[in-house]
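S.K.: With the sequence up front, the predicted model follows.
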Amino acid sequence: MRLSTQDQAAAPGTAPRLGPKVESGTADGKTVIAFSTKPLTGPAGDGAGVPTGFIANRNDCTEVAGLVAVYVCGPADMRPQFLIPNDAADMTAVYWGFAYVPRGGDLAAGIEAARTAGARPTDATHGSAVLTVKTAAHAALNTVDFDLPPLPAGGSVRQQLRVHANDAGRLLLRFALAEGQLTRTPEPIRIGSLTTGPGATCTVTATTLLSAPPNLACDLQPGDHTIGYELTSPQAQYALRFQALTRYDIYDFGFYHSDVTQTSAPFATLGKPVLPLHSVLARDAASALWWYDGTGNATAPLYSREQIGTGWQTYNTLAALSPHKQSLYYRGDTKPSPVTQGLGDVVARDTTGTLWYYDYQFVSGKPYAPRVKAGTGWNIYDQLTGAGDLDRDGYMDLLARDKAGVLWLYPGTGNLTTGARFKARIKAGTGWNTYNHLAAGADLNGDGKADLLARDTTGTLWLYKGTGTPTTPYASRIKAGTGWNIYSQLTLAGDLTNDGKPDAIARDSSGALWLYKGTGNPTTPFTTAPRSARVGTSTTGSSDPHCGPGHPSRGQVRSSSARTVLPTGTRSSTAQRVARVSTRRRPRPVSARGRVGARRGRPSVRVSVTSTRRRRPGVHESESSKSRPGTRPWVTALAASSATRRAAVSETGVPCGMPQRSSWSRASRRARRAPRGVELKRWVNARTVTGSARV
């Protein structure tokens, strides 16, 4: 039979069990354990007892009659337990000694040996130790300084930790992406080539950063230590900011929060810039709301959809105030705040004319906070369109056109607590009823001001450059193309192709969704693609990313033939053609399936799209978040008349279901002569679509 013990440390509030550890053999006898507030080196009973406030739990032990804090334990349990008070003073010490008495042995001799254990050499059956209480303030005396140079793409860098170990302990090192930045999944960064000094023993526990923390574990003796390691990054790395996080544990008995944690200032990984991703938010005919994350890939710009809400049929208009661009990364919930403003707040008008405001957020997977009533009487307008930050005050604005053709600007207030989300309206112009579709909120010419696209009844597309002045928000119009009346939906979705320029998506009468890549040039705002480009055929999916039924389902979509590219300002039956764009399957399981596509006789619907990206958003749920069985994605959108369903979708989330002058039948007859963009997929069943994104 061999027993051992060692000195230990405990945090206030813990309940350590104090006694010897069985190294070998079977304990079939009794163990005597004596406690004292002094080292057990003097006469038996000197300082007998435990510090004030300690509460004993004897377990299977019996306190010896006539003696203080002397217990006979075993054979099943050889360790009495004590609860340490939360207010225990730093360096409070409990001394204890033990003696093992085999079956049939002299118990009285064992009691005497335990009470004087500190005065005799330790052996296999006798020993002593001390438990020391160390407060959080004491633990904080153990510090780490960081020396973290930036990591070049395709290269290596040596970094160092300088540790002052006031107490012996165990150091763990891991890494995390810094908060407050746009993120991507970084290329694998490897750690290795450790260097240490005397009194430090370190091991690499995970060779790749962000894989399985911690990356490094070190056992340290008291003293000052320098721990070095090397980080290596591939050439294709993103420009990101990382932080090193350390945890130093000095306790044998402690809580997770008892460890000393320190976080470095951010250090950079050099590489290609991270541009904000954008996404699409769409409502189907069954009133379900769906989220399509952007990929940044022009050939497959959208991931498979995710349902984020139901019951949205109560609204006849939805509009995102700006493209839904990717939000900054934060580890915790991000409620409506200046951090989330400008990322794609949504307004929704119900059938009574009441306007509701949905603030962008990220809380428990829901990208929108509960709705706030923003006003009544909004049914005087036949179109609502998110304008972006038109007056450049940092808040998102709203455009509204009345039935007389007057365009009104509602500047945003930035108010996050009440329904006063917009200032008094400002008259922005007259004669706007010449247009049957408006799309706004994105900067198409790269001057930092939100612009507007307007399509007239002949199918001509006009660009209105933003001025930044609320009283005259737009400069004179510039002709941007013709033949755009083949589309029932048109939305400025933000940068879907990861080139830093906002793009547009448009749905034609067959339910195909087309991508138009932005150029930054106001006279030719969208590029043309090679005639031979081909992406594939739609195998699953549904309709338009704006408001139509038949929205693409979760499977990957491939187009069947090349299509005309976005308009270049001229109308021609021999316009260049571009490939249809497909949605990419998300790297996680998906479930919904369904063949998508336009059907003859199916009511047409519209969609509003805006772009954004979230950590992992779950959008507002007005009812239940569960999808209805048997319903098709993108089918509910706006519950409106067939005329309303024919209406085009407004850009940054323009309401689906807005009345539109050109009918789908006319548009389909002109379809062969008009310019087209890269087809995303069939969106015939989507009724409303707005662009949005996640983190």
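M.R.: Received it, and whenever you're ready, just let me know what you need.
S.K.: what about residue 418, how many neighbours?
M.R.: Residues lying near residue 418 (other Cβ atoms under 10 Å) number 10. To be clear about C-beta, it is placed using only N, CA and C from the backbone, and glycine gets the same treatment.
S.K.: Tell me if I am right that it is in a helix.
M.R.: No. Under DSSP: H, G, I helix; E, B strand; the rest coil, residue 418 falls outside any helix and is assigned coil.
S.K.: my guess is residue 158 contacts residue 226, does it?
M.R.: No. Between residue 158 and residue 226 there is no contact under Cβ atoms under 8 Å: 11.4 Å.
S.K.: Which residue ranges make up each domain of the chain?
M.R.: Listed by automatic domain parsing, the domain ranges of the chain are 2-133, 138-269, 280-694.
S.K.: Give me whichever of the ones you listed is most buried.
M.R.: Highest mean neighbour count among those (mean count of other Cβ atoms under 10 Å): domain 280-694, with a mean of 24.
S.K.: What are the phi and psi values at residue 110?
M.R.: phi -60, psi -40 (degrees, to the nearest 10).
S.K.: related to what we said a few turns ago, make CSV out of the domains of the chain and add mean pLDDT.
M.R.: Output for these, formatted as CSV (pLDDT from 0 to 100):
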stretch, mean pLDDT
domain 2-133, 93
domain 138-269, 97
domain 280-694, 69
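S.K.: between residue 158 and residue 226, what contacts are shared?
M.R.: Shared contacts of residue 158 and residue 226 (Cβ atoms under 8 Å, 6 or more residues apart in numbering): none.
S.K.: Please give me every residue in contact with residue 421.
M.R.: In this structure, residue 421 makes contact with 357, 372, 374, 412, 413, 415, judged by Cβ under 8 Å, 6+ apart.
S.K.: which pair in the residues you listed spans the largest distance?
M.R.: By the measure Cβ to Cβ, 372 and 412 form the most distant pair in those, at 13.1 Å.
S.K.: For the stretch 201-350 of the chain, which segments are assigned as helices?
M.R.: For the stretch 201-350 of the chain, helices defined by DSSP state H, counting those that start in this stretch do not occur.
S.K.: picking up where we left off before, now tabulate the contacts of residue 421 in JSON lines and tack on secondary structure and distance to residue 162.
M.R.: Converted to JSON lines, the contacts of residue 421 look like this (DSSP: H, G, I helix; E, B strand; the rest coil; distance: Cβ to Cβ, whole Å):
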{"residue": "357", "secondary structure": "strand", "distance to residue 162": "51"}
{"residue": "372", "secondary structure": "strand", "distance to residue 162": "51"}
{"residue": "374", "secondary structure": "strand", "distance to residue 162": "55"}
{"residue": "412", "secondary structure": "strand", "distance to residue 162": "49"}
{"residue": "413", "secondary structure": "coil", "distance to residue 162": "49"}
{"residue": "415", "secondary structure": "coil", "distance to residue 162": "48"}
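S.K.: Kindly indicate which of those residues lies nearest residue 523.
M.R.: Looking across those and measuring by Cβ to Cβ, the closest to residue 523 is residue 412, at 29.9 Å.
S.K.: isn't the closest one right up against residue 422?
M.R.: Yes. Judged on Cβ under 8 Å, residue 412 makes contact with residue 422 at a distance of 6.1 Å.
S.K.: shared neighbours of the two, which are they?
M.R.: The contact lists of residue 412 and residue 422 share 397, 398, where a contact means Cβ under 8 Å, 6+ apart.
S.K.: ok, back up a step: looking at the contacts of residue 421, which one is closest to residue 448?
M.R.: For those, the residue nearest residue 448 by Cβ to Cβ is residue 412; the value is 17.3 Å.
S.K.: Which residue lies closest in space to the closest one, excluding its sequence neighbours?
M.R.: Distances taken as Cβ to Cβ, 6 or more residues apart in numbering put residue 395 closest to residue 412, at 3.4 Å, once the chain neighbours are dropped.
S.K.: gap between the one you found and residue 422?
M.R.: 9 Å (Cβ to Cβ, to the nearest Å).
S.K.: any shared contact partners between these two?
M.R.: Joint contacts of residue 395 and residue 422 (Cβ under 8 Å, 6+ apart) are 411, 412, 413.
S.K.: residues contacting the first one?
M.R.: Residue 411 makes contact with 390, 391, 393, 395, 397, 422, 423, 426, 470 under the criterion Cβ under 8 Å, 6+ apart.
S.K.: Residue 322 versus the first one, what's the distance?
M.R.: The spacing between residue 390 and residue 322, counted by Cβ to Cβ, is 10 Å.
S.K.: before we move on, what about the fifth one?
M.R.: Distance, residue 397 to residue 322, using Cβ to Cβ: 9 Å.
S.K.: Now do the shared contacts for those two.
M.R.: What both residue 397 and residue 322 touch, as defined by Cβ under 8 Å, 6+ apart, is the set 386, 388, 389.
S.K.: separation between the residue lying closest to residue 24 once chain neighbours are set aside and residue 22?
M.R.: Nearest non-adjacent residue to residue 24, counting by Cβ to Cβ, 6+ apart: residue 2, 4.5 Å away. For residue 2, the distance to residue 22 equals 8 Å [Cβ to Cβ].
S.K.: same deal with residue 243?
M.R.: Distance, residue 243 to residue 22, using Cβ to Cβ: 43 Å.
S.K.: And residue 424, by the same measure?
M.R.: Using Cβ to Cβ, residue 424 is found at 81 Å from residue 22.
S.K.: Next: residue 98.
M.R.: The gap separating residue 98 from residue 22 is 12 Å, by Cβ to Cβ.
S.K.: Now do the shared contacts for these two.
M.R.: residue 3.
S.K.: Hmm, residue 146 is touching residue 173, no?
M.R.: No. Under the criterion of Cβ under 8 Å, residue 146 makes no contact with residue 173, lying 10.0 Å away.
S.K.: Residue 184: what's it in contact with?
M.R.: Neighbour list for residue 184: 238, 240, 274 [criterion: Cβ under 8 Å, 6+ apart].
S.K.: Can you tell me the element it falls in?
M.R.: Residue 184 is part of no helix or strand when elements are defined by DSSP states H and E.
S.K.: what ranges do the helices span in this structure?
M.R.: 107-115, 136-139, 642-646, 664-670 (DSSP state H).
S.K.: ok so, going back, quick one, what contacts the residue nearest to residue 412?
M.R.: Applying Cβ under 8 Å, 6+ apart to residue 395 gives the contacts 341, 342, 389, 411, 412, 413, 414.
S.K.: Residue 37 too?
M.R.: Residue 37 neighbours (Cβ under 8 Å, 6+ apart): 47, 49, 50, 51, 93, 94, 95.
S.K.: From residue 122, how far off is the fifth one?
M.R.: As defined by Cβ to Cβ, residue 93 lies at a distance of 18 Å from residue 122.
S.K.: What of the last one?
M.R.: In this structure, residue 95 and residue 122 are separated by 14 Å, where distance is defined by Cβ to Cβ.
S.K.: what's the answer for residue 467, then?
M.R.: 86 Å.
S.K.: same deal with residue 320?
M.R.: Distance from residue 320 to residue 122, by Cβ to Cβ: 73 Å.
S.K.: go on, residue 10?
M.R.: For residue 10, the distance to residue 122 - Cβ to Cβ - is 21 Å.
S.K.: now swap in residue 427 and tell me
M.R.: The gap separating residue 427 from residue 122 is 92 Å, by Cβ to Cβ.
S.K.: what's the answer for residue 451, then?
M.R.: 82 Å.
S.K.: wait, doesn't residue 187 sit right on residue 234?
M.R.: Yes. Applying Cβ under 8 Å as the test, residue 187 and residue 234 come out as touching, 4.6 Å apart.
S.K.: No further questions, thank you.
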